[in-house]
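Visitor: Predicted coordinates and the sequence they were generated for:
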Amino acid sequence: MLSEDLRTRRAVLPETAADDPLLRLQQETRLGDGIIRLRATTHPEEIRIGGILVMCPKCGARRDWMVICDRSKISIRCRCAHQWVEPELTRADYDAMIDIGGQDYPSLDAAAQAVGYDGTLAGTYLSKPRPE
């Protein structure tokens, strides 16, 4: 059969972190002792930096963000999937925004898709539950 001939002729390359982007990402986002270097949280409220309201430069959104901490670099991601580094925010600012608990995802893209920051909910503000 033709497909069997093709299968036997293919070279099988070992998958290492050097040539597999997923393995490389996993190694970069975790330390050897299991500590996660990359974290993300949702932040439904507005963010003000030095009194200035943060707005998405692509769609103009003013609230409902995904805030990403990659080591000490903080990025903001909008529901339209636009993401940018916000140099004025620090790790301490990020720590003040996070909630206890949460869900682990295999990648930032998987997390963005699971919580609606992959562009599918562009232009949508999800309301925060009101306290009873």
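Guide: Nice, thanks for sending it over. Since the model is a prediction, treat every value here as computed from it, not as a measurement. Residues are numbered from 1 along each chain as shown.

Visitor: What are the boundaries of the strands in the chain?
Guide: Using DSSP state E, the strands assigned to the chain run over residues 38-46, 48-49, 52-53, 63-70, 73-77, 83-85.

Visitor: Compare those strands and give me the one nearest residue 115.
Guide: Nearest of those to residue 115, taken as CB to CB: strand 38-46 at 5.9 Å. (Glycine included, C-beta is placed from N, CA and C.)

Visitor: Run me through the strand neighbours of that closest one, direction for each.
Guide: With DSSP bridges as the test, strand 38-46 is paired with strand 63-70 (antiparallel).

Visitor: And the partner strand, what's buried?
Guide: In terms of neighbour count (16 or more other CB atoms under 10 Å), strand 63-70 has its buried residues at 63-69.

Visitor: Kindly report the same for stretch 41-53.
Guide: So stretch 41-53, judged by 16+ other CB under 10 Å, has buried residues 41-43, 47.

Visitor: go on, stretch 56-64?
Guide: Judged by neighbour count (16+ other CB under 10 Å), stretch 56-64 contains these buried residues: 56, 61, 63-64.

Visitor: closest to residue 114 among those?
Guide: For the buried residues of stretch 56-64, the minimum distance to residue 114 (CB to CB) is 15.4 Å, reached by residue 64.

Visitor: Looks like the closest one contacts residue 122 (just checking).
Guide: No: contact criterion CB atoms under 8 Å: residue 64 and residue 122 do not qualify, at 11.2 Å.

Visitor: list residues touching both of the two?
Guide: When CB atoms under 8 Å, 6 or more residues apart in numbering defines a contact, the residues bordering residue 64 and residue 122 alike are residue 79.

Visitor: rewinding a little: comparing the strands of the chain by mean pLDDT, which bottoms out?
Guide: Mean pLDDT across the strands of the chain is lowest at strand 38-46; the value there is a mean of 85.

Visitor: who's in contact with that one?
Guide: Strand 38-46 is contacted from outside by 28-29, 53-54, 62-71, 77, 94, 97-99, 102, 108, 111-112, 115, 117, 126, 128, using CB under 8 Å, 6+ apart.

Visitor: where do the helices sit along the chain?
Guide: Taking DSSP state H to define them, one finds helices in the chain at 2-9, 21-29, 91-97, 108-115.
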